[in-house]
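S.K.: Here you go, sequence then predicted model.
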Amino acid sequence: MTSREPLPFDPILRAAALWDERIGPSRTMAAVTSVMRVQQILLSAVDGALRPHGLTFARYEALVLLSFSRNGRLPMRVMGERLQLHPTSVTNIVDRLQADGLVRRVPHPTDRRATLVEITDGGRASLEDATKAVTDVDFGLSGLTPEEETELTGLLSRVRHAAGDFSIEPGPDGADDALLDDEASAGLH
């Protein structure tokens, strides 16, 4: 994923050794720096795969969320909760998706104050093509076995739980055994 030659050493491990000498234990610094670098690698791969489809990762996630809902539609409030985004960010994402014809806003059937966002047929087609593109590059996550991917998800879930992303205690594989029934929780059943 890089256009340069790889370094002949791991710069994070080199920095960790210097940190140990000059500051103290480097475990946390090395772990965080590694996560940040991997985030750059993953974003580059995913953005590269999604760019030809006119999508960003945030817009792609919104389409995935809508496609996972029972009827392909959710209130914007629920989208924000599930995507863990500020309402303004959700509005911007939906505005862009709507401008591209991938979603439409529809009135909520029982709550006149709420608006639903519904994925269109064009949105489903775009999502299918974009999903193939990101899965073809494994979302940029290479070098791990399937078991290691599961372990990584579990470890990162523990960090996310400790930061308050969700309240249920994650299992060893990161699963919380809760079913995602967005439409029921949004009063759309």
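M.R.: Here it is on my side, so go on. Computed from a predicted structure; not experimentally measured.
S.K.: Identify the residues contacting the most centrally placed residue in the chain.
M.R.: The chain has Glu61 as the residue nearest its centroid, 6.1 Å off, counting by CA atoms, centre = their mean. Taking CB atoms under 8 Å, 6 or more residues apart in numbering, we find Glu61 in contact with Leu83. From N, CA and C alone the C-beta is placed, and that goes for glycine too.
S.K.: Per-residue pLDDT of it, please?
M.R.: Confidence at Glu61, expressed as pLDDT, is 97.
S.K.: ok, now how distant is it from Arg82?
M.R.: Counting by CB to CB, to the nearest Å, the separation of Glu61 from Arg82 is 9 Å.
S.K.: again, but for Arg37
M.R.: 28 Å.
S.K.: With neighbour numbers in mind, choose between the two.
M.R.: Each of Arg37 and Arg82 has its neighbours counted (other CB atoms under 10 Å); Arg82 has more, 19 against 12.
S.K.: and that one, that's in a helix?
M.R.: Yes. The assignment for Arg82, made by DSSP: H, G, I helix; E, B strand; the rest coil, places it in a helix.
S.K.: Ends of stretch 22-30, what's the gap?
M.R.: With CA to CA, to the nearest Å applied, stretch 22-30 spans 14 Å between its terminal residues.
S.K.: looking only at pLDDT, what's the mean for that stretch?
M.R.: Along stretch 22-30, the predicted confidence averages to a pLDDT of 97.
S.K.: For it, buried residues please.
M.R.: Of the residues in stretch 22-30, 26, 29-30 count as buried by neighbour count, 16 or more other CB atoms under 10 Å.
S.K.: Out of those residues, which sit inside helices?
M.R.: Members of the buried residues of stretch 22-30 lying in helices (criterion: DSSP state H): 29-30.
S.K.: For the buried residues of stretch 22-30, give me JSON lines that also has distance to Ala17.
M.R.: Below are those laid out as JSON lines (distance: CB to CB, whole Å):
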{"residue": "Ser26", "distance to Ala17": "7"}
{"residue": "Met29", "distance to Ala17": "11"}
{"residue": "Ala30", "distance to Ala17": "9"}
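S.K.: Take stretch 96-103, keep the C-alpha atoms, and write them as CSV.
M.R.: These are the backbone C-alpha positions of stretch 96-103, laid out as CSV (Å, rounded to 0.1, in the frame of the first residue of the first chain):
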residue,chain,number,x,y,z
ARG,A,96,-24.3,13.7,0.1
LEU,A,97,-25.8,10.2,-0.3
GLN,A,98,-29.2,11.8,-1.2
ALA,A,99,-27.5,14.2,-3.8
ASP,A,100,-26.0,11.1,-5.4
GLY,A,101,-29.4,9.3,-5.4
LEU,A,102,-28.2,6.6,-3.0
VAL,A,103,-30.7,7.4,-0.3
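S.K.: Other residues contacting it?
M.R.: Among residues not part of stretch 96-103, those counted as contacts by CB under 8 Å, 6+ apart are 54, 59, 62-63, 66, 94, 104-105, 117-120, 122-123, 126-127.
S.K.: My guess is Val137 contacts Asp47. True?
M.R.: No. Counting by CB atoms under 8 Å, Val137 stays clear of Asp47, with 10.7 Å between them.
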